[in-house]
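*Asks:* Quick check, what structure comes out for this input:
(one chain, ligands or ions: 1)
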Amino acid sequence: MLVHPYHGSGRWLRGNLHAHTKNSDGKFSLEELVRNYEALGYDFLVITDHNKITPLEGIDSKTLLLPGCEISTDKGHITAVNLKEPIEPNQPSQKVIDAINAQGGIAILAHPNWGENFCHWQQEDLASLDSYAGIEVFNGNILRDTGSPLASDRWDMLLSKGQKCWGYGVDDTHNELDIANGWTMVLADELSPEAIVNALREGRCYASSGVFFEAIEVDETSIRVIARNADRIAFVGKHGRWLKWVNDRFASYRVRGDEGYIRVEAFGPHGSMAWTQPFFVSG
Ligand SMILES: [Zn+2]
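*Replies:* Numbering: from 1, shown residues only. Below you'll find the model as predicted:
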């Protein structure tokens, strides 16, 4: 039996969950930032200035805007999606996560591998905190900063311990170099804040740094994916082990039963990737 989030219908919506304006340390005004994403056809954009909620009124855009905040805590930065009331920064992380959840927001632990030690978040903190939705498995801003934009290593360590958390892709936009390096595709029935937030919370989404999935199909015993622009697809299991890989843009995997979990990574042009959420093997 596979337990996974890819249920229901809808269409895939593209969005960035992490972006800064001049209101904190971003280069662009809110208007300029939004126009950049609108021009690329993004369906939604979350504004996450540091420790403050930037008001979104007065912007008329085809790209749906959601309020958010990047909150500094005692252990690391937390990206809050759908946050309406400010939360006091520099408190204990768990308190901040609980406060985000209490508002109907989504707590995502930001750029785990940022920094010269590749350790913005200590693994033991990722493992001991609870009720957060997931981590940034790809944070594009770290491409041009120290550490690694990728955090699938941290994710596999959490998933292997049985911790259920989702992976998200984000730009963490500060200037034009950061735009459209990482994003999250959400499966939703409609373009509304509620539909997007629910899909993000339930994991009905995947992270990307350039590869698009055309299909993610699951039944009792197998997983099948088709990517638009991949040349390799890998099925990754417990402790990060590659269970199977195929040098093609489509692949399927038959479940053995002892994998613990299975997630799919697709590799495309110029080092781009996409990451499905985990499929947990049970029974
Ligand atoms: Zn940020």
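
*Asks:* what helices or strands is the helix or strand containing G15 leaning on?
*Replies:* Using DSSP states H and E, G15 maps to strand 11-16. Secondary-structure packing of strand 11-16 (3 or more C-beta pairs under 8 Å, 6 or more residues apart in numbering; DSSP states H and E): strand 44-47, strand 183-188. Bear in mind the C-beta positions are built from the backbone N, C-alpha and C, glycine included.

*Asks:* could you dump the ones you listed to JSON lines with distance to V246, mean pLDDT and mean neighbour count?
*Replies:* Shown next, in JSON lines, are these (distance: least, C-beta to C-beta, whole Å; pLDDT from 0 to 100; neighbours: other C-beta atoms under 10 Å):
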{"stretch": "strand 44-47", "distance to V246": "32", "mean pLDDT": "98", "mean neighbour count": "28"}
{"stretch": "strand 183-188", "distance to V246": "21", "mean pLDDT": "98", "mean neighbour count": "25"}
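
*Asks:* for these, which one sits closest to the ion?
*Replies:* strand 44-47 (10.9 Å; C-beta to the ion).

*Asks:* Can you name the element that comes right after that closest one?
*Replies:* strand 64-72.

*Asks:* Which positions in that following strand come out as buried?
*Replies:* By 16 or more other C-beta atoms under 10 Å, the buried positions in strand 64-72 come out as L64, L65, L66, P67, G68, C69, E70, I71.

*Asks:* Tell me how far that strand lies from the chain's centre.
*Replies:* 14 Å (C-alpha atoms, centre = their mean, to the nearest Å).

*Asks:* and that strand, average pLDDT?
*Replies:* In this model, strand 64-72 has an average pLDDT of 98.

*Asks:* Tell me the helix or strand right after it.
*Replies:* Next along from strand 64-72, by DSSP H and E: strand 77-81.

*Asks:* That following strand pairs with which strands, and in what direction?
*Replies:* Applying DSSP bridges to the sheet, strand 77-81 is found paired with strand 64-72 (antiparallel), strand 106-109 (antiparallel).

*Asks:* Distance of E176 relative to the ion?
*Replies:* Distance, E176 to the ion, by C-beta to the ion, to the nearest Å: 16 Å.

*Asks:* Need the distance between the two termini of stretch 156-174.
*Replies:* Stretch 156-174 stretches 28 Å from its first residue to its last (C-alpha to C-alpha, to the nearest Å).

*Asks:* Next: stretch 201-218.
*Replies:* Using C-alpha to C-alpha, the two ends of stretch 201-218 sit 20 Å apart.

*Asks:* Let me know the secondary structure of the residue minimising distance to the centre of the chain.
*Replies:* Of all residues in the chain, the one closest to the mean position by C-alpha atoms, centre = their mean is Y168, 0.9 Å from it. Under DSSP: H, G, I helix; E, B strand; the rest coil, Y168 falls in the strand class.

*Asks:* Q94 now?
*Replies:* Q94 ends up helix, using three-state DSSP.
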